[in-house]
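Novice: Need a 3D model of the following:
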Amino acid sequence: MFVLTVAACSSISTVRVQPESVYVGPHLRPIAMVHAQVTSAYILFIAIPGHVSLDQVVNRMLLPAAKALGADKVVDIKVDITPDNGIWTLRKLLGWRSAEASGVAVVVEDEPKP
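Specialist: This next block holds a predicted model:
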């Protein structure tokens, strides 16, 4: 018996960092590194729901996770997504698409008053 199992999945990973170990700029205190990823399988050009988009990984996953950790903003954001046009369209025959984003969650510190 042959069984084919496919799925769509997403994940958010975080790790707290020591402020003195990561430099992000003046008046910014790093508190964590955040990484969000979503993957969706394709069979015969039909997507298993996974909402693979940069909007999903940045605005709906990465930023809320950073806010939940107490961050004011996320800096040094890096994104990557599998293209969905050109030769990459053939990957939808039997394959997957993925998108990911990562960045440094920071707290904005007030400037010292003279």
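Novice: quick one, helices of the chain?
Specialist: Remark: helices assigned in the chain by DSSP state H are 54-57, 63-68.
Novice: nearest to Ala105, of those helices?
Specialist: For the helices of the chain, the distance to Ala105 is smallest for helix 63-68, at 3.8 Å, taking C-beta to C-beta. In short, each C-beta sits where N, CA and C put it, glycine included.
Novice: Counting neighbours, what do you get for the closest residue to Ser10 other than its chain neighbours?
Specialist: By the measure of C-beta to C-beta, 6 or more residues apart in numbering, the closest residue to Ser10 outside its immediate chain neighbours is Val38, 4.0 Å from it. Counted with other C-beta atoms under 10 Å, residues neighbouring Val38 total 23.
Novice: close enough to count as contact, Val38 and Ile12?
Specialist: No: shown here, Val38 and Ile12 do not form a contact pair, counting by C-beta atoms under 8 Å, at 9.7 Å.
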